[in-house]
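Participant: Need coordinates for the following:
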Amino acid sequence: MLDMSFFSPPGRTYKFWSGQAPLWEFGTGLSYTQFSTTVSATGPARGSDSDSNSGTDTRANVVLRSPTDKVTLVVNVTNTGDRAGDEVVLVYHTVADVAAPGVSPKPAKQVLGFDRISLEPQASGTLSFSVAASELTLVNADGDTVLFPGTHGLTVSTGDGAADIATQVVVDISAAIVLDSLPPVNPP
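Facilitator: Coordinates of the predicted model:
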């Protein structure tokens with residue numbers, strides 16, 4: 001009962017939760033109107049692709065080759081209802097397909113950014129999220145912040161709880177890069 005570890009099963013935060021799906025996920029809210037959302041992703045090496053929130057994946061094929069490379073997600077939001085309203089868009093990082101030795105457990109998802117947009121009926125607006133490869137890091141057992149090669153996921157989620165829009169980002173580096181290390185602990 002005194003164990004307050006965030007990592008022990010079932011996990012105590014959204015990043016590590018492995019229990020039953022919550023009724024309302026983080027960021028979900030109610031609205032008096034409806035929104036439609038589309039996402040496009042651009043970055044170095046390969047072009048862009050887009051899809052709407054129909055529940056299908058967007059395969060952007062953006063390849064990041066250094067910690068300073070960036071992918072830009074452009075989210076177009078349209079108020080399709082009859083009333084003015086606000087929509088909150090969240091961007092999550094997922095690492096299910098990334099081999100990350102020394103990282104256990106891997107987070108299920110992690111918030112990278114969010115923004116709110118207010119729209120009149122039938123109006124549209126655009127939100128932009130810039131994500132650097134250095135933001136796609138994990139912390140290993142030694143406390144080092146490491147960028148691991150592999151296919152990282154960026155998921156755009158909206159406040160209405162509709163299907164998320166997923167984008168894959170390939171981090172194409174030959175080996176993991178340690179971006180930040182904890183100083184060694186010297187015993188007293």
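Participant: Please, which helix or strand holds residue 39?
Facilitator: With elements delineated by DSSP states H and E, residue 39 resides in strand 35-42, which encompasses its position.
Participant: Quick one: low-confidence residue ranges for this structure.
Facilitator: Applying pLDDT under 70 to the predicted model, the residue ranges of the chain that meet it are 1-18, 45-61, 161-163, 187-188.
Participant: Distance of the residue positioned nearest the centre of it relative to residue 73?
Facilitator: When CA atoms, centre = their mean is applied to the chain, the residue found nearest the centroid is residue 92 (1.6 Å). Here residue 92 is placed at a distance of 11 Å from residue 73 (CB to CB, to the nearest Å). Any C-beta I mention is one placed from the backbone N, CA and C, and that applies to glycine too.
Participant: Which neighbours do those two have in common?
Facilitator: Counting by CB atoms under 8 Å, 6 or more residues apart in numbering, the common neighbours of residue 92 and residue 73 are residue 154.
Participant: How about the contacts made by residue 92?
Facilitator: Counting by CB under 8 Å, 6+ apart, residue 92 touches 109-112, 153-155, 157, 164.
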